[in-house]
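**Q** What shape does this take:
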Amino acid sequence: ARIDAIGIQAHSFTRSYKEMEEMFDVRYNPIELYRVMDTYARLNLPLQITEVTIPAFSSLPEDEEIQADILENLYRVWFSHPSVEQIIYWNLVDGYAHRAEPGDMTAGENYYYGGLIRFDMTPKPAYYRIKNLFEKEWHTEGEAPHAYDGNYQFKGFFGDYEAEITRDGKTVTVPFKLEKALGGMCIKEIR
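**A** Now for the predicted structure:
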């Protein structure tokens, strides 16, 4: 089997009373995270941060805010590394995790309250933080009233776009994609 990516599993399963000593110096430390990602990046394969679970340990508002802070910081670090191509959150909804009956928050992975959504399906602060990163902060929109030479340049995040072009009273919408290319630059010609 061909290896085409490297997965870095990112469950932070530790008991609440051990979180500081076991997680903050290594797992949540940006310098250490970059050291690990740089080491794997030497293999010239994309990195995938998989099975992310960051615990809240309870449904108390302050615990959910701490979870959101940690998760937002981790996403920023992972997203900033040039070799990371995807981040996959694992336990999306509290109370439905591995090795536990639905809703039993004392058993299995439910103990960690690691979801982005509560058992009653209401979003937690971490959900909104990630949503904001992807929909607002890591989102590109641009407008060029007119380009005299027919060219328009912009810097944008990789992803799917639509160019709406109006000329002589006629408007067309052209979908295009910015993909990672050699040197991190992407040049698209739309006709």
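**Q** rest of the way, CA atoms for contacts and neighbours
**A** Will do.
**Q** So which residues of this structure form helices?
**A** Here the chain has its helices, by DSSP state H, at 19, 30-41, 61-80, 125-132.
**Q** Let me see the contact set for the residue lying closest to Ala41 once chain neighbours are set aside.
**A** Using Cα to Cα, 6 or more residues apart in numbering and skipping residues adjacent in sequence, the residue nearest Ala41 is Ser83, 6.1 Å away. Contact criterion Cα atoms under 8 Å, 6 or more residues apart in numbering gives 37, 41, 45-47 as the residues in contact with Ser83.
**Q** Just give me the lowest mean pLDDT stretch among the helices of the chain.
**A** Of all the helices of the chain, helix 19 carries the lowest average pLDDT, namely a mean of 87.
**Q** re earlier: now the residue nearest to Ala41: how far from Leu47?
**A** Computed as Cα to Cα, to the nearest Å, the Ser83 to Leu47 distance reads 6 Å.
**Q** which residues does Pro175 contact?
**A** Going by Cα under 8 Å, 6+ apart, Pro175 touches 160-163.
**Q** make it 10 Å
**A** 160-164, 190 (Cα atoms under 10 Å, 6 or more residues apart in numbering).
**Q** Can you list which of those residues are found in strands?
**A** If you go by DSSP state E, those have 160-164 in strands.
**Q** Tell me the one of those residues nearest Leu178?
**A** Distance to Leu178, by Cα to Cα, is smallest for Asp160 among the ones in strands among the contacts of Pro175, at 6.5 Å.
**Q** Confirm for me that that closest one is in contact with Glu141.
**A** No - taking contact to mean Cα atoms under 10 Å, the distance of 11.3 Å between Asp160 and Glu141 leaves them out of contact.
**Q** Next, count neighbours for the nearest residue to Trp138 once chain neighbours are set aside.
**A** The shortest distance from Trp138 to any non-neighbouring residue, by Cα to Cα, 6+ apart, is to Phe157 (6.7 Å). In terms of burial, Phe157 registers 13 neighbours under the definition other Cα atoms under 10 Å.
**Q** and the gap between Phe157 and Ile87?
**A** Between Phe157 and Ile87 the distance, using Cα to Cα, works out to 16 Å.
**Q** just Tyr34 next, same as before
**A** Distance check for Tyr34 against Ile87: by Cα to Cα, it reads 15 Å.
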